[in-house]
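**Q** sequence? don't have it. structure:
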């Protein structure tokens, strides 16, 4: 199994969450990524925080951001790598940016001018808006006066690695779009971009690192164990009921239980789907039903709502 996991680590692309998060922990690498995506020189002043958790109140759900850092002007950049279109990404980006804004002010502060400018960047190997663009940038505007900008300091950018408007972007940007989903020596060797080569050097070290191999194996084993545990307990419960139908019910109950455990930890449906290696649509259905029974999460009641 160890050899299998090592092979899997070596085959990861930057679009894979594990490799993206580990690579972006390096300040130079994250600075290079943001600079390429925005086609602008960005100078970060602090070490990027990966898997940063925000919980404004115990009553509100926790937010976990992939990567966050700040430039010399105090502007915050937070970046998400998203493999699947979950159907909620537009409003999710709004929620994440709002939560980050709330966390920036001291309790009781009313001077909203102290809010840092912020830029949310979501990278995906699909076109969320269907217009064929590589980059979609959203800033507050006025419907009645299109030239009037809100200028509230908030920007949301969605990157589509499969855009078609190549003539509007630098070769470095285009090379990086390819590199995200094909993170190989061949692609890195074929680019003239020093920044992509720098990123790839960090990636290469991660892929051959024994420490990273152990960390990835632990993550992989955690996922495999959760799946096997769910399957085993589901089968046992099914047998105890003496019915094939009961067997299927046991597996579903276990999946609901594991999903609820992760919801209690503040994980998003996307993270749960990835952790359990389950179909995103299935996890979303469970999460939507479970939200009606939060915070206790009555597993039997959730099952009844979903399947009976």
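**A** Looks like it arrived, so ask away. Only a predicted model underlies this, so the values are computations on that prediction, with no experimental measurement involved. Numbering: from 1, shown residues only.
**Q** I figured residue 9 hits residue 210, correct?
**A** No - if you go by Cβ atoms under 8 Å, residue 9 and residue 210 don't touch, sitting 10.8 Å apart. C-beta coordinates here come from the backbone N, C-alpha and C atoms, glycine included.
**Q** what about these two, which has more around it?
**A** Neighbour count, other Cβ atoms under 10 Å: between residue 9 and residue 210, residue 9 has more, with 23 against 8.
**Q** quick one: pLDDT of the more buried one?
**A** We have a pLDDT of 88 for residue 9.
**Q** what about the helix or strand residue 203 falls within, average pLDDT?
**A** Applying DSSP states H and E as the criterion places residue 203 in helix 194-208. Helix 194-208 shows a mean pLDDT of 96.
**Q** what helices or strands is that helix leaning on?
**A** Counting contacts by 3 or more Cβ pairs under 8 Å, 6 or more residues apart in numbering; DSSP states H and E, helix 194-208 packs against helix 17-24, helix 27-38, helix 171-181, helix 185-190.
**Q** quick one: contacts of the third one?
**A** Meaning helix 171-181. Residues from elsewhere that reach helix 171-181 (Cβ atoms under 8 Å, 6 or more residues apart in numbering): 13-15, 33, 36-37, 39, 123, 125, 134, 159, 161-163, 166, 187-188, 190-193, 195-196, 199-200.
**Q** next one: the longest one
**A** Contacts to helix 27-38, defined as Cβ under 8 Å, 6+ apart, come from residues 23-24, 41-44, 46-48, 67, 69, 77, 79, 119, 121, 123, 135, 157, 159, 172-173, 176, 193, 195-196, 198-199, 202.
**Q** and it, how far from the chain's centre?
**A** 17 Å (Cα atoms, centre = their mean, to the nearest Å).
**Q** and the last one, by the same measure?
**A** For helix 185-190, the distance between its averaged C-alpha position and the chain's averaged C-alpha position is 26 Å (Cα atoms, centre = their mean).
**Q** now what about it, what contacts it?
**A** 175, 178-179, 196-197, 200, 204.
**Q** after the lowest-mean-pLDDT helix or strand in the chain, which helix or strand is next?
**A** Least confident helix or strand of the chain, by mean pLDDT, DSSP states H and E, is helix 210-241 with a mean of 64. Counting by DSSP H and E, the element after helix 210-241 in chain order, helix or strand, is helix 244-264.
**Q** and residue 75, how many neighbours does it have?
**A** That count, for residue 75 with other Cβ under 10 Å as the rule, works out to 16.
**Q** what residues are up against residue 148?
**A** Residue 148 neighbours (Cβ under 8 Å, 6+ apart): 141-142.
**Q** now it: how far from residue 139?
**A** Distance, residue 148 to residue 139, using Cβ to Cβ, to the nearest Å: 11 Å.
**Q** returning to that earlier point: filter the contacts of helix 27-38 down to the buried ones and hand me the ChimeraX line.
**A** The buried residues among these can be selected in ChimeraX (16 or more other Cβ atoms under 10 Å) with this line:
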select :23,24,42,44,48,67,69,77,79,119,121,123,135,157,159,172,173,176,193,195,196,198,199,202
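**Q** returning to that earlier point: drop anything exposed from the contacts of helix 171-181.
**A** Among the contacts of helix 171-181, those scoring as buried are 13-15, 33, 36-37, 123, 125, 134, 159, 161, 163, 187-188, 191, 193, 195-196, 199-200 (criterion: 16+ other Cβ under 10 Å).
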